[in-house]
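Asker: sequence first, predicted coordinates after that:
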Amino acid sequence: MKIGYIDYLNCYPFYYHMFEKNPLKDISIISGLPSELNKMMKDKKLDLSPISSATYPDIQDDVFLLPQFCLSSVGYVGSVILYSKCEIDQLNAKKIGLSNASHTSRVLLKILLKKFYNIEPVYISTGPRPDLNDYDAVLRIGNDAMTENIEAAKFKFDLGEVWLKKTGYPVVFAVFAVRKNVVKENINQFNSVINSYKSSIRCLLEEKEVVIKKARQKYPDISYDIDSYYKTLQFEFNDNLKNALLYYFKTANELCLLEKVESLNFATDS
């Protein structure tokens, strides 16, 4: 069974247990950027993986979501940042570089600017760490938003914070998807992954200092306080977050940014 791992600090709490304590038998872990794992799930090269929430509409007929887990924030997140030379409401017709590592955040920004600021910038896809040399603003996510500041940026907008202010909703940046056939054909391995995730999140509560130390060793370039960062994240996919995700899908579809999602289809809880 092949499972994906978003190679960012925010995903590490789900994988600590299988990385450091109990590697899973017959489970291969493939690390990558969110966009890389999204494509691998689309191409049926992974059996289970965290994916950008915005990718779910494209593969919803082929996968179930795990009902227990997500990567989200209520307001400020610290790792989804729009760096800009001007105020956000002055970006109409300006060039914005969008990290190609992202999907959820790219759509999130487009919703915010069109629906709530009524502006239409020129969006240009870039590598994971765009700078402001060629753009009026740039979007960075994950570790690439947490390792260095962009000195040329006069303004810095946390999209989780802006989204909460404008909509009243949290943001679900990533969900966990499993191929429907895997749940039927590899139930034992599937359950072992679920149990490992549960154990790992429990470790974050019971031995936080050790988890943070290991995370710091894995990602030494991170400039943020990891303990504070993990406190901003929501890992449990509760009903409030599920409703927030449905709002995101509905709004994105209305703006022709994502395919329609009627409902969230979940795997049976193990």
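Answerer: Yep, that arrived.

Asker: for stretch 209-220, buried residues please.
Answerer: Val211, Ile212, Lys214, Ala215, Tyr219 (16 or more other C-beta atoms under 10 Å). Yep, even glycine has a C-beta here, placed from its N, CA and C like the rest.

Asker: walk me through the domains of the protein.
Answerer: What automatic domain parsing lists as the domains of the chain is 2-72+171-254, 80-167.

Asker: is it possible to export the buried residues of stretch 209-220 to a markdown table including distance to Ser35, pLDDT and secondary structure?
Answerer: Shown next, in a markdown table, are the buried residues of stretch 209-220 (distance: C-beta to C-beta, whole Å; pLDDT from 0 to 100; DSSP: H, G, I helix; E, B strand; the rest coil):
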| residue | distance to Ser35 | pLDDT | secondary structure |
| --- | --- | --- | --- |
| Val211 | 26 | 97 | helix |
| Ile212 | 27 | 97 | helix |
| Lys214 | 26 | 97 | helix |
| Ala215 | 22 | 96 | helix |
| Tyr219 | 19 | 95 | coil |
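
Asker: for those residues, which one is nearest Gly142?
Answerer: Nearest to Gly142 among the buried residues of stretch 209-220 is Tyr219, at 10.1 Å by C-beta to C-beta.

Asker: excluding covalently adjacent residues, which one is nearest to the closest one?
Answerer: Leu9 (5.0 Å; C-beta to C-beta, 6 or more residues apart in numbering).

Asker: so who does the one you found touch?
Answerer: Residues in contact with Leu9 (C-beta atoms under 8 Å, 6 or more residues apart in numbering) are Ser79, Gly142, Asn143, Met146, Ala215, Tyr219, Ile222, Tyr224, Ile226, Tyr229.
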